[in-house]
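In: Just the structure for this:
(chains A, B and C)
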Amino acid sequence: MNDASEGALLHVEGLEVAYGQVQAVRGVSLSVGHHEVVAVIGANGAGKTTLLRALVGLLPSRGRIVLGGRPVARPSPEDTVRLGISLVPERRQLFGSMSVSDNLLLGAYHRIGQEPRAAIDEDQHRVLALFPALRDRAASPARTLSGGMQQMVAIGRGLMARPRLLLLDEPLLGLAPLVIADMLRAFAQIQQLGQSILIVEQNAKAVLGLAARAYVLEAGRVVRHGRATTLAQDPALRAAYLGGHIEPAS
Amino acid sequence: MTLTQQLAQFIASGIVNGTIYALLGLGLVAIHSVTRVVNVAQGEFAALGALLASTLVARGMPLSLAAGVAVVAAAAAGGGVYRTGIRPARDAGPLTLLIITIALHLALKGLLLLVWGTNPYGLRPFTAGPPLRILSAVVTRQSLWVVGVTAVALVVLYLFFTHTILGKSLRACAVNPTAARLMGIRVERMSTLAWLIAGALGGLAGVLITPLTLATYDMGLILGLKGFVGVVMAGMSSYPWTVGACILFGVVESLGAGLISSNYRDGIAFGVLVAALLWRALSVLRGGLIVSEETAQE
Amino acid sequence: MIPTRRARLAATIAVVVLAILPYAVAGRISLSIFVFIGLFSLIVIGLSLLAGHAGQVSLGQAAFYGLGAYIAAISTLRIGIPPWLALPLAVSGAAGVAYLLGAPIFVLRGHFLVLGTLGLNVVMDVLVRNVQSLTGGPTGLTGIPPLSIGSLMIAGDRAYYYLTWTFVFAALWLGRNLVSSRVGRALAAVRSSEVAAATVGINPAFYKSRVFAASAALAGLAGALYVHYLSFVSPSPFAFNFSIDLLVMSVLGGIYQLPGAVAGTAILTVLREALRTIMPRVLGSGASAEYEIVLFGVLLAVVIIFSPAGVWPPLIKVLRLESARPRWAQVAPVAGVLAKSSSSLARPEPTGLLRVEGLRKQFGGLLAVDDLSFHVQAGEIYGIIGPNGAGKTTAFNLISGVLRPTRGTVYLRGRKISDLPAYRRAALGVGRTFQTPNVFPDLTVLENVMVGLHRLTTTSFTGAMLGLGRREDTQAAAQAAGYLAAVGLLDHAGLPAGALPFGGLRLLELARALAMHPIVLLLDEPASGLTGAERAELVRLIRRIRDTGTTVLLVEHDVGLVMEVADRVLVLNYGRRIADGTPRVVRNDPRVIAAYLGEEAVS
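Out: Reported below is the predicted structural model:
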C-alpha cells in the first residue's frame, strides 16, 4: 500500500484523534487513489465519522495527512474543499430552511467567481439528471423533503464542488431499502464518471459491492483491509455484519 | 379628539417607534444567528449614526450624504467591534460574550460622550412641510420617512438574503455553520459581515429617528433593549417575525402610554412583555411539560 | 473539593483583615465603601449561585434589591412595622416575587429569564417613580429608622459594616453548603444536561426557581440593610443599569466560585471609585466622567477576553489554594447493592409490567414510530432491534418521557405514564441510558452515581443550605461506591466524569441508572463502542441486573448480543413492528430476514 501515497488523492498515516481523554481514532492509515472507490466499514462508535471529520479538519488530529497529493499540516474544511475533496457529512447537514437549488448552489461556493456561472448551472443540471426526483422540488425548502431526497441533495451539494474525491459519511443511514438501491445506482453512475469516492458505512453489505477496496474499523483501529471481494468472503467479517467481533489480524 | 382618533394616533406613532425597534432588532438577529452573541452595544450604533449625521449636517454637509456617511461609519463600528472585542473571545460561553458586549457598550457610550458631550443634537426633518392626515391620524412627514426608508431597507435586505450568493452564504452560516465550512464558506468573514450589517441597520435607525426625538450619547441602550424584546418574542432567529414583534411592541407601548399615562410608558411596555412570557409559560404547563423536542431528537 | 490547609489559612486571614479594617482605616478612608462592597457582594453571591450553578442569567437583580429596600422603607415609615420585622418581610417579599416570576418562566427554556427579569426591572423602576403616594416618587423617602433590637440601636458606618459582612459570610457559608449538597449535585446535573437530569428524576424547574428565589432573597436583604443604613431611599440605585453592573461583578469574579463574587464586587467597586478620583487628577477636572466610562469599558473587555472564567480561578492558582483532592475520595462501598431483591418480582402484572399501546411519533413529515404496541413482563430482558432509523431510540424517548408521543399510551404497572414529564416517570421507576453517554462531566464519577440516588435521598433545599444533609450524603456516597464497584469503576470514583474513556462512560451511566432502583431499565445501545472484553462484561452485568428484579429493555445494533441475552426480541422497521418473539423465532422469521438480517445472515 505504501506506493499508493505517491499519486494518491488522499493518504493518511498514523492518524490519532482524541476527544478530551477519549481516544476515538488510533493510528489509522489509509489511502484512496484516482478513480477509485474505497469503503470504510465498522459498527456504530467505531470511529468512522470521527475519522472523516478529522480528515477534513473539523476535528484536530495528529498524524500525516496528504490531500490531493499535497501534505497538509493542519487541514481546515474551508481549504479541503478547495483542494478538491468534498465531504458529504453524516445526517446530511443540509441548509434546511433554504431551497434545494440554493443548497446545490452553495455546494459550488468556492467556484463562484472562479468559473463562469454557466459551468455551475450546467453542473446543477447534471445533478438533477443524476437524481431526477429532485427536479420537481428544486424550489422547496430542503427540510421538507423526505430523508432519501435529502440525502440526494446532500450528495448533489457535494458534487457541485467538483471534487476529485467525494467523502460520503453514512449516506445510507436510515434510508428505505428501495431508496438504498436507487442510491447505490447513483453511486455507480458517479463512479463511472471517474469520480473517486471514500464511503464510510455501517451497511457493509451494500457498499462492499460498490467498492474496490475496503477498510474495517473497530474501536478506532483498522482491523482488516484489502480487496472488497475478498473481505466480503471473510467469515469473521461476515459474522460482524451481525455485530460479532474481529480480533485484529496479526 | 374622539377616542377613535386618539387610538389611530397612538397606533400610528407606535408603528413608527416599532419600525425603529425593528431596525435594531434585525441587527441583533443578524449578529445572533451567525455569531451566537446577544449584542448589548447594538443601540450605540444608532447613537453613533444619529450624532454623526447631526454634526455633519450642522457643518453644512447635504443631508443625504451625511446620512450615508453616518450609516457607513456605524457599519464600520459594527465590524470593528466584532474584530477587536468579540473575535478574540469567540470560543467563550454565551454569558462571557454577553458581558463583553456590555463592556463594549460602556466603552462606545463613553467614546460618544467624549466626542459629543451630554447635549442633545437635532436634525431637521428630511422634507419640510405640515403633517399629513392618514385615516384619522395626524402623521409627520418624518414619520413617513422612517416607515418608508425602513420598508426599502427591508426589501433590500430581503433581496440580499434571497438573491445574492453572499446573502445566501450568510444564511447558510446561520443555519448550519459546519456545513457552511464544508462548502468552503469562511464563517469568520461572514461573522464580520453580519456585524457590519447590524451596525449599518443601527446607524440607519439613529439617522431616521433623530428628527423626531433628538440624539444624545446615551440614547442607545433603551432602543437596543426594545429591539431585543422583539427579537426574543420572535424566537431569536426570524427576520420577518422580528419586524412584526417589534412593531407590535411599539404599538402596545404607545397605546399604553397614551391611554394611561406617558410616565408609565416603559413600565407598560415591559409589563406586557412579562405578562406575555408568563402566559406562554402557563400554556406550556397546562399542556403537560415534557423535555423539549429539539434536544431529544436523534 | 475539600479546602486545603492553605485555603483555610487564607480564609482566616481574610476574616481577620476584614475584622480589623474599620480600626485600621479609621480617620483616613470612609468605611461606607466597604459597607457597599458588602451589600453588593450579598447580591452578587446570589447572582453567581444563579448563573454559575443554576445556569440562568438575571438582568433584573437590581429590582429585587430595590424591592427589599422599598418594602423595608414603606413598612417602617408608612405602616410603622418595627425595623427588625421589616427585614424578614423585605427578604421574603423579594424571594416571593422571584418565585412567582421564575417558577413559570423556567418551564420555558432559553433566554426567557433574562427577558422576564429585564422587564421586571423596568416595571419596578417605573412604578417606584410614579406611585408617589407610596414611594415618594423620584425624590424618594427619608427618615427611615435604623435597625434596632430592643434598645440596641444599630447605627453608623461601623455597625452596618460588621452587620453586612456577617451576612456576607453567612451567605457564603449557606451557598457553599448548598453547592456541595444533594441539591448542588442536582443543579450541576441540570446545568450539563436537563434531559439526563430529568431521566434520573430531577425536576429542573423546581431547583432553578428555588435558586432564583434565594438569589432574590439575598438582594432583598441587601436592599433592606441599605435603607436602614442610609435612612434614605430613592429610585436611581435600583435601575436596570445597576443590574448590568451586578452581572458584570459576578462574571468578573467568576461565577463558579462564590468567593469570586466578593472579589468581583470589590474589584469593580474600587475600580470605579479609583477612576472617579484619579482621572480628574491626571487629566484635569473637566473631562473626568467621560474618560471613566471609556476606560472602565475597555478594562472590563480586556479582563474578560483574557480571563473568561473571571479573576478568581487564576487567583486561586497563583495562591495555590485549590485542593486536588475531591470530596468522598475514600468511601467504603456498600456491598451487594445488586443483590437479589424480591420487590419487583413479587407482583406479576397480568397485562405486562410495561405496556405500550398504539404509540406514534411524527417529526414534521417523518413518521419515526408508527402505531407501535408491545408489552414486557416483569423480570424479562426484552431486546429491540432494527435498522438505523427504525424508531428504536425514539421509542425509548417516548417511554422515558424525553419526547411526547403524537398518539398512543404507555402504561407502567397498569398506570398510564405517557402524559407525565420525564422526571415523574423516573420517580415511578423508569431508568435509562443514552446512545451517546450522557454523564455529568462537571461532577466526579462517584457524584454522578450519587445523582442517580437523588430520588432516594431527601435533603431539602433549605436543609441543604443549612448543611443538614451531610450524614445522608455520607451514606449516599457509600451506596454510590457500591454501584461503582458493581460495574467495576470504583478505582475511578474521584475522577471527573468527563475524563473516563468511552467504555467507562457507558458503565458510569449504567451505574447511575441502577442507583435509581428502576423497575424498568432502558438500555440504548449499551454495547456500541465497547471493546470485546467490555462487551463480555456487559452481558454478565445485564443478566445480574435482571436477577435483581429489574426488567431490562435493550436497544442494540449488536444483534448477536441481543440474541444472546434477550428473552424476547422485537424487530422494528420504519417505526413499525415487523416481528416479535423469542430469539429463535425472530431469527428464522422470513420477514425479518428479508427486511433486516439479510439472506446471508442465516445461511
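In: tell me what the helix or strand containing C:Gln475 is packed against?
Out: C:Gln475 belongs to helix C:470-487 when assigned by DSSP states H and E. With contacts taken as 3 or more C-beta pairs under 8 Å, 6 or more residues apart in numbering or on different chains; DSSP states H and E, helix C:470-487 sits against helix C:182-192, helix C:445-452, helix C:502-515, helix C:532-547. C-beta here means a position set from N, CA and C on the backbone, and glycine is covered the same way.
In: the helices in the stretch 51-200 of chain B, which residues?
Out: With helices called from DSSP state H, counting those that start in this stretch, the stretch 51-200 of chain B shows them at B:63-81, B:94-116, B:141-163, B:165-175, B:177-182, B:187-213.
In: So which of the ones you listed is nearest C:Asn177?
Out: Closest approach to C:Asn177 among these (C-beta to C-beta): helix B:94-116, 24.4 Å.
In: other SSEs contacting the closest one?
Out: helix B:42-58, helix B:63-81, helix B:220-233, helix C:240-253, helix C:288-306.
In: how about that helix as CSV, C-alpha atoms only?
Out: Only the C-alpha atoms of helix B:94-116 are listed here, as CSV (Å, rounded to 0.1, in the frame of the first residue of the first chain):
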residue,chain,number,x,y,z
PRO,B,94,-22.6,32.9,25.9
LEU,B,95,-22.6,34.7,29.2
THR,B,96,-19.0,35.8,28.8
LEU,B,97,-19.7,37.1,25.4
LEU,B,98,-22.7,38.9,26.8
ILE,B,99,-20.5,40.6,29.4
ILE,B,100,-18.0,41.6,26.7
THR,B,101,-20.8,43.3,24.7
ILE,B,102,-21.8,45.1,27.9
ALA,B,103,-18.2,46.3,28.2
LEU,B,104,-18.2,47.3,24.6
HIS,B,105,-21.5,49.2,25.2
LEU,B,106,-19.9,51.1,28.0
ALA,B,107,-16.7,51.9,26.0
LEU,B,108,-18.7,53.0,23.0
LYS,B,109,-21.0,55.1,25.1
GLY,B,110,-18.0,56.7,26.8
LEU,B,111,-16.4,57.5,23.4
LEU,B,112,-19.6,59.1,22.2
LEU,B,113,-19.7,61.1,25.4
LEU,B,114,-16.1,62.2,24.8
VAL,B,115,-16.8,63.4,21.3
TRP,B,116,-20.3,64.8,21.6
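In: that older thread, can I get the helices and strands packed on helix B:94-116 in CSV including mean neighbour count and mean pLDDT?
Out: Formatted as CSV, the helices and strands packed on helix B:94-116 follow (neighbours: other C-beta atoms under 10 Å in any protein chain shown; pLDDT from 0 to 100):
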stretch, mean neighbour count, mean pLDDT
helix B:42-58, 27, 97
helix B:63-81, 21, 97
helix B:220-233, 25, 90
helix C:240-253, 25, 89
helix C:288-306, 19, 76
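In: got the ones you listed as TSV, with distance to chain A columns?
Out: Below are the helices and strands packed on helix B:94-116 laid out as TSV (distance: least, C-beta to the nearest C-beta, whole Å):
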stretch	distance to chain A
helix B:42-58	24
helix B:63-81	20
helix B:220-233	18
helix C:240-253	25
helix C:288-306	23
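In: and C:Tyr574, how many neighbours?
Out: By the criterion of other C-beta atoms under 10 Å in any protein chain shown, C:Tyr574 has 19 neighbours.
In: err, A:Arg185, not the other one
Out: 11.
In: Same check on C:His375?
Out: Neighbours of C:His375 (other C-beta under 10 Å): 15.
In: so it is in which element?
Out: Here C:His375 sits within strand C:366-376, counting by DSSP H and E.
In: which neighbours does the next helix or strand after that strand have in its sheet, and in what orientation?
Out: Per DSSP H and E, the first helix or strand lying C-terminal to strand C:366-376 is strand C:381-385. Strand C:381-385 pairs in its sheet with strand C:551-555 (parallel), strand C:568-573 (parallel), by DSSP bridges.
In: Work out the gap between the shortest one and the centre of the chain.
Out: Averaging C-alpha positions (C-alpha atoms, centre = their mean, to the nearest Å) puts strand C:551-555 29 Å from its chain's average.
In: That one versus helix C:532-547: what angle between them?
Out: 140 degrees (axes from the mean of the first three to the mean of the last three C-alpha atoms, to 10 degrees).
In: Please report how far the residue nearest to B:Val272 when sequence neighbours are not counted lies from C:Ser209.
Out: Excluding the flanking residues, the one nearest B:Val272 by C-beta to C-beta, 6 or more residues apart in numbering or on different chains is B:Val252, at 5.2 Å. Going from B:Val252 to C:Ser209 by C-beta to C-beta, to the nearest Å gives 27 Å.
In: So which of these two has more stuff around it?
Out: C:Ser209 (24 against 19).
In: Contacts only, for that one.
Out: Shown in contact with C:Ser209 (C-beta atoms under 8 Å, 6 or more residues apart in numbering or on different chains): C:99, C:102-103, C:106.
In: ranking those residues by neighbours, who comes first?
Out: Using other C-beta under 10 Å as the neighbour criterion, C:Gly102 leads the contacts of C:Ser209 with 28 neighbours.
In: wait, that one sits on C:Leu113?
Out: Yes. In this structure C:Gly102 lies within contact range of C:Leu113 using C-beta atoms under 8 Å: 6.9 Å.
In: Need the residues touching each of those two.
Out: C:Phe212.
In: Strands along the chain, start to end?
Out: Since you didn't name a chain, this refers to chain A. A:10-19, A:22-32, A:37-41, A:62-67, A:70-71, A:85-88, A:165-169, A:196-201, A:213-218, A:221-227 (DSSP state E).
In: actually chain C
Out: Using DSSP E, strands in chain C cover C:141-142, C:147-149, C:152-154, C:232-233, C:354-363, C:366-376, C:381-385, C:407-412, C:415-416, C:430-432, C:520-524, C:551-555, C:568-573, C:576-581.
In: what packs against the first one?
Out: Looking back up the chat, that one is strand C:141-142. Right, strand C:141-142 is packed against strand C:232-233 by 3+ C-beta pairs under 8 Å, 6+ apart.
In: repeat for the third one
Out: With contacts defined as 3+ C-beta pairs under 8 Å, 6+ apart, strand C:152-154 has these neighbours: strand C:147-149.
In: for the strand it packs on, which positions count as buried?
Out: Neighbour counts over strand C:147-149 (16 or more other C-beta atoms under 10 Å in any protein chain shown) mark C:Leu147 as buried.
In: That one pairs with which strands, and in what direction?
Out: Partners of strand C:147-149 in its sheet, by DSSP bridges: strand C:152-154 (antiparallel).
In: I'd like the mean pLDDT over the partner strand, please.
Out: Strand C:152-154 shows a mean pLDDT of 87.
In: hmm, back to that, export the helices and strands packed on helix B:94-116 as TSV, with columns for distance to C:Ala566.
Out: Shown next, in TSV, are those (distance: least, C-beta to C-beta, whole Å):
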stretch	distance to C:Ala566
helix B:42-58	58
helix B:63-81	59
helix B:220-233	48
helix C:240-253	51
helix C:288-306	54
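In: Return the helix or strand in chain B with minimum mean pLDDT.
Out: helix B:293-296 (a mean of 34; mean pLDDT, DSSP states H and E).
In: Single out the most deeply packed of the helices of the stretch 51-200 of chain B.
Out: helix B:187-213 (a mean of 25; mean count of other C-beta atoms under 10 Å in any protein chain shown).
In: Quick check: pLDDT value at the residue of the stretch 1-150 of chain C found nearest chain B.
Out: Closest contact between the stretch 1-150 of chain C and chain B, by C-beta to the nearest C-beta, is at C:Val126 (2.9 Å). pLDDT, C:Val126: 92.
In: Would you check that it makes contact with B:Asp266?
Out: Yes. Using C-beta under 8 Å, C:Val126 is in contact with B:Asp266, at 5.5 Å.
In: what's the closest non-adjacent residue to the residue in the stretch 101-250 of chain B positioned nearest to chain A?
Out: Residue of the stretch 101-250 of chain B nearest chain A, by C-beta to the nearest C-beta: B:Gly184 (3.6 Å). Leaving out its chain neighbours, the residue that sits closest to B:Gly184 by C-beta to C-beta, 6+ apart is A:His110, at 3.6 Å.
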